[in-house]
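[1] coords please:
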Amino acid sequence: IENLYGPTETTIAITGYRWDPIASPSACINGIVPIGWVFDHQDTCVIDQERNPVPTGERGELCLSGAQVTRGYWNNPARTAEQFIRLPASNGDDRVWYRTGDLVKQDESGCLYFLGRLDHQVKIRGYRVELQEIDFVLRKVSETEQVASVAWPVRNGIAEGVVAFICGACENNRPRILAHCRDVLPEYMVPRQLYFLDDWPLNSNGKTDRKKLVNLLETQGS
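    Residues are numbered from 1 along each chain as shown. Okay, the predicted model is just below:
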């Protein structure tokens, strides 16, 4: 099995990882297969918030460059300027890099590991939280892939806690799911409430529509 990774802006696929039944299970992070090594003649860079490269093994945003990377968005110079950048510590390197918005880390061999989306990284009571970690725990204990955690409530731009949505699991399992979360997660990452849905909201790309989940919370005044 070949796991291919790549945004549309990089001609669909730009890294790859071949699954090994023996070695690969232990290489997964939060239940996610590594996205692997960049294709020949393409480049990757993992940067911090100041757009400087991070040391090997550190977390940061994945940036991509090479012949497969598009030059920008049609008739949208503002979005192009935001997503296609030159790095400050380029030392004369004039390459343009595409910011993926994906949080990753890279090991000594160059293998990349997907950790989540930057917009799914939040601060709860002063702690940095990656919602993907909570989702992974919820998937294992509820035995369904359709789960999503959301920072909620948010007051004055500060998240006070987390709630979670689950589809495809029995609501009677609520106590067991929450008990498992308390056993394996820090207290501030344990969902305050679980919502069990009959239908799972998806966006036009077939991915979980978190905005609709937040709208449900706003509608209920939770």
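[2] contacts, neighbours, all on C-alpha from now
    Noted.
[3] Now do the contacts for the residue nearest the centre of the chain.
    Centroid-nearest residue in the chain, with C-alpha atoms, centre = their mean: Gly116, separated by 1.7 Å. By C-alpha atoms under 8 Å, 6 or more residues apart in numbering, the contact set of Gly116 is Asp102, Leu103, Val104, Glu130, Leu131, Gln132.
[4] Can you flag which of the residues you listed belong to helices?
    Using DSSP state H to define helices, the subset of the contacts of Gly116 located there is Leu131, Gln132.
[5] Show me which of the contacts of Gly116 is closest to Val162.
    Leu131 (8.9 Å; C-alpha to C-alpha).
[6] residues in contact with the closest one?
    Gly116, His120, Gln121, Val122, Ser149, Val150.
[7] out of those, which is most surrounded?
    Ser149 (26 neighbours; other C-alpha atoms under 10 Å).
[8] That one bridge partners, please.
    Applying DSSP bridges to Ser149 yields these beta-bridge partners: Ala164.
[9] Against Ala13, how distant is it?
    Using C-alpha to C-alpha, to the nearest Å, Ser149 is found at 28 Å from Ala13.
[10] Also Arg79?
    For Arg79, the distance to Ala13 - C-alpha to C-alpha - is 22 Å.
[11] Number of residues surrounding Ile29?
    Neighbour tally, Ile29, other C-alpha under 10 Å: 15.
[12] I figured it hits Tyr113, correct?
    Yes: if you go by C-alpha atoms under 8 Å, Ile29 and Tyr113 touch, sitting 7.3 Å apart.
[13] any residues in contact with both of the two?
    With C-alpha under 8 Å, 6+ apart, Ile29 and Tyr113 have no common neighbours.
[14] one step back: neighbour count winner among Arg79 and Ala13?
    Neighbours were counted for Arg79 and for Ala13 using other C-alpha under 10 Å; Ala13 has more, 16 against 12.
[15] Report the secondary structure state of the more buried one.
    At Ala13 the chain is in coil, as set by DSSP: H, G, I helix; E, B strand; the rest coil.
[16] ok, it - contacts?
    Leu4, Tyr5, Gly6, Pro7.
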